[in-house]
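In: When you get a sec, could you give me coordinates for this:
(2 chains)
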Amino acid sequence: MSTIITRRTLLAGAAASSALPLFGARAQAPFGVGFVYVGPIGDHGYTWTHDQGRLALEKEYGARIKTSFIENVAEGPDAARAIRQLAQAGNQLIFTTSFGFMNPTIQVAKQFPKIFFEHATGYQRAENVATYNARFYEGRAAIGTIAGHMSKTGQAGYVASFPIPEVVMGINAFHLAAKKVNPNFKTKVIWCSTWYDPAKEADAAKALIDQGADMITQHTDSAAPLQAAEQRGVFAFGQASDMKAFAPKAHLSAIVDDWSGYYIKRVKEAMDGSWKTGDVWHGLKEGMVKLAPYNDAITPAARAAADEVQKGIIAGTLHPFTGELKDQKGTLRLKAGETASDEMLSKMDWYVDGVQA
Amino acid sequence: MTAAILASIFMTLAAAATPILLAGLGELVTEKAGVLNLGVEGMMLCGAVAGFAVAYSTGSIALGLIAATLAGVAAAMIFALLTLGLGSNQVATGLALTIFGIGASSLIGAGFVGRTITRLGPLFPADYAAHPWLRLVFGHDAIVYLSLALVLAVGLFLRRTRAGLILRAVGENADSAHAIGYRVLAIRTAATAFGGALAGLGGAYFSLALTPMWADRLTAGRGWIALALVVFAAWKPGRLLLGAYLFGAVATFELQAKAAGWSFIAPEVLAMTPYLATIVVLTMMSLGGRTGGRDAPACLGKPFPAS
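Out: Take a look at the predicted model:
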């Protein structure tokens, strides 16, 4: 069962939920799980992947749970209303899936101490608020390896959104992996100053291709850069979900977010009473980050190398950020053999040599 | 820079300019008749989703373009019914139309997310456009040529035909036009429909040619740029063409400069260039004594009959 709550039905929903106890329906009601999304589920990107996780929950637990979601919720004060609405509607576990929902989540959680909250990509926790995030940079190390092998011009184009640590660490991880294969590798970055503007993303990809990039990768949300790559006959990597359908020839692989495993586990814990607050940052090892199936165009050598990187990361023998590592200004960031701490990653604001950002 | 890169940059520029040129041209005609329709973004999205849905279902881009045009007209007719028929406030209704268009297109498009089609290709065979310089002339798709032809047609219509004169009269002084026997509301409805048709077509240029897919809010605010262009152009089709290509040039330059690694310009400054250029040009225009306000149709946004 699922309910779609839009802003229009918010008021009606509030009225209905206050009427619920009258019917005594709550005692045998299914376990309620709520989701707050920052974008539309139709973005085929970040929000879409969270909604895939919600659908996986429904498949796993069927009539035992009831999920609902509110999409397109603006980050900020408005989010508190959306979260509170889900709490009042009888949901017992609520996932808030964007960084900007952090303070509203904490605020609402205080008012509903018996309800469990899960906040994605944040750092504030409470007795009933846990946080979770994915190590996307591990996937970027794998596709960087493929790019290093497959690029003929030795140049990759990176269609990026905003210079925040999340994006910066992705660029560095991608470039370091490619540079390991080809020491002269160049990664050119275009900041689009938006997460989502398909036409601008496509034009950025075209500009990068004009300047010699034959590998396009992105940290924006639409499939437009892939389509531009397909049109110009170069290769590209998908973002957040498998985007092969948009560019069958160009799409080499994609970094896929898979939240379903975590969601299924946490809902089970919430239902059997073993749920505890905590903080997870899962990656390839736990399956929260995956690579989409390889394109047949990937050479056996590139395929083997990318598999090797993935295996190493999963086994813990390889870290995408391993010293000796200097930034562009020559400052030593990691000593030989040292690996980056999570704290260092989450504050990263410098670029490694060879990145043009 | 080689000829191939320059040609490629110009192709990107023309593609970026075309949808805002189309939507702006439609809005220009609507405003010339005295109707201010701020729902351009909403009408573009209706066109974008209808065009994609039909093109995906039938496999025909041409049918998609027709459907997009009709969807734009349909959205514009809702606006016309409310503002011209029932006398509601044009500004508020136009804003509501944009919000409606965002929601309706998202609802209709939900089943098409993640699908793609073969994009609208160049009009002429590839042999014509083998050389980069020839590609500048022969390498575009049909909509680019259509948009240029429409600029000429609208310019001639407004300046050189009796019908165009009547349309302008309705926009400049609706009461006088009414007094000498012209049907003000019918003419305004027709102008609004034309604006909707071109906005729908401009929206479909995104979903069928630029980024052949459907995703929510695909046009990402281009409708508002089209609205600003009309003011920038002082309601003149030729200047609208200039403005649209200027906008395309500045937006493309920004990305090319970043890709070329001109690091002596901060990326934030480059991101500002389209807006800075707009301010500079608007200032120059007003210094030249041709302010946007003075060029506006005198009855723009005013209801008829006056209440």
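
In: So what does residue A:64 look like in phi/psi?
Out: phi -70, psi -20 (degrees, to the nearest 10).

In: and it, how many residues sit next to it?
Out: Residues within reach of residue A:64, counting by other Cβ atoms under 10 Å in any protein chain shown, total 11. For glycine as for every other residue, the C-beta is placed from the backbone atoms N, C-alpha and C.

In: likewise the one 5 residues further on?
Out: When counting by other Cβ under 10 Å, one arrives at 23 neighbours for residue A:69.

In: tell me the contacts of residue A:275?
Out: The contact partners of residue A:275, taken as Cβ atoms under 8 Å, 6 or more residues apart in numbering or on different chains, are A:93, A:116, A:266, A:269.

In: What segments of the stretch 201-307 of chain B are strands?
Out: Counting by DSSP state E, counting those that start in this stretch, one finds no strands in the stretch 201-307 of chain B.

In: pLDDT at the residue of the stretch 1-150 of chain B found nearest chain A, what is it?
Out: Across the stretch 1-150 of chain B, no residue is closer to chain A than residue B:113, which sits at 4.5 Å (Cβ to the nearest Cβ). At residue B:113, the model reports a pLDDT of 84.

In: Phi, psi for it please.
Out: phi -70, psi 140.

In: Residue A:251 versus that one, what's the distance?
Out: Separation of residue B:113 from residue A:251 (Cβ to Cβ, to the nearest Å): 17 Å.

In: Kindly report the same for residue A:305.
Out: 19 Å.

In: Just want to know which of those two has more residues nearby.
Out: Set residue A:305 next to residue A:251 and count neighbours by other Cβ under 10 Å: residue A:251 wins out with 26 against 20.

In: Up against chain B, what does the stretch 1-150 of chain A have?
Out: Within the stretch 1-150 of chain A, the positions adjacent to chain B are A:39, A:40, A:42, A:43, A:44, A:48 by Cβ under 8 Å from any Cβ of the partner chain.

In: Point out where chain A drops to low pLDDT.
Out: The model of chain A has pLDDT under 70 over residues A:1-28.

In: Give me the next element, helix or strand, following the helix or strand where residue A:147 lies.
Out: Per DSSP states H and E: residue A:147 is located in helix A:136-150. Where DSSP H and E defines the elements, the next helix or strand beyond helix A:136-150 is strand A:155-160.

In: Quick one: name whatever helix or strand follows that following strand.
Out: Trace forward from strand A:155-160 with DSSP H and E and the next one is helix A:165-181.

In: what does that next one rub up against?
Out: A:121, A:136-138, A:140-145, A:147-149, A:151, A:156, A:158, A:160-161, A:185, A:187, A:189, A:217, A:219, A:305, A:309, A:320-321, A:325, A:345-352, A:354-355, A:357.

In: got it, and stretch B:265-272?
Out: In contact with stretch B:265-272 (Cβ under 8 Å, 6+ apart) are residues A:191, A:193, A:357, B:254, B:257, B:258, B:262.

In: what about 10 Å?
Out: If you take Cβ atoms under 10 Å, 6 or more residues apart in numbering or on different chains as the criterion, stretch B:265-272 is touched by A:160, A:163, A:189-194, A:357, B:250, B:253-258, B:262, B:273, B:276, B:279.

In: Angles on the backbone of residue B:298, please.
Out: According to degrees, to the nearest 10, residue B:298 has phi -60, psi -30.

In: next one: residue A:333
Out: The phi/psi pair for residue A:333 (degrees, to the nearest 10) is phi -100, psi -40.

In: Strands - which of the contacts of residue A:275 land there?
Out: Among these, the members falling in strands (DSSP state E) are A:93, A:116.

In: Restricted to helices, list the residues of the stretch 1-150 of chain A next to chain B.
Out: residue A:48 (DSSP state H).

In: The residues of the stretch 1-150 of chain A next to chain B into JSON lines, with extra columns for neighbour count?
Out: Below are the residues of the stretch 1-150 of chain A next to chain B laid out as JSON lines (neighbours: other Cβ atoms under 10 Å in any protein chain shown):
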{"residue": "A:39", "neighbour count": "22"}
{"residue": "A:40", "neighbour count": "22"}
{"residue": "A:42", "neighbour count": "24"}
{"residue": "A:43", "neighbour count": "26"}
{"residue": "A:44", "neighbour count": "27"}
{"residue": "A:48", "neighbour count": "21"}
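
In: got the residues of the stretch 1-150 of chain A next to chain B as a markdown table, with distance to residue B:198 columns?
Out: Output for these, formatted as a markdown table (distance: Cβ to Cβ, whole Å):
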| residue | distance to residue B:198 |
| --- | --- |
| A:39 | 29 |
| A:40 | 26 |
| A:42 | 26 |
| A:43 | 27 |
| A:44 | 28 |
| A:48 | 32 |
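
In: For the stretch 201-350 of chain A, list the residues in contact with chain B, please.
Out: A:201-213, A:221-228, A:230-232, A:241-243, A:245-248 (Cβ under 10 Å from any Cβ of the partner chain).

In: What's the PyMOL line that selects buried ones from these?
Out: The PyMOL command for the buried members of those (criterion: 16 or more other Cβ atoms under 10 Å in any protein chain shown) is given here:
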select buried, chain A and resi 201+202+203+204+205+206+207+208+209+210+211+213+221+222+223+224+225+226+227+228+230+231+232+241+242+243+246+247
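
In: The residues of the stretch 201-350 of chain A next to chain B in strands, which ones?
Out: Among these, no member lies in strands (by DSSP E).

In: about what we covered before: now list the buried members of the contacts of helix A:165-181.
Out: Among those, those scoring as buried are A:121, A:136-138, A:140-145, A:147-149, A:151, A:156, A:158, A:160-161, A:185, A:187, A:189, A:217, A:219, A:305, A:309, A:320-321, A:325, A:345, A:348, A:351-352, A:354-355, A:357 (criterion: 16+ other Cβ under 10 Å).
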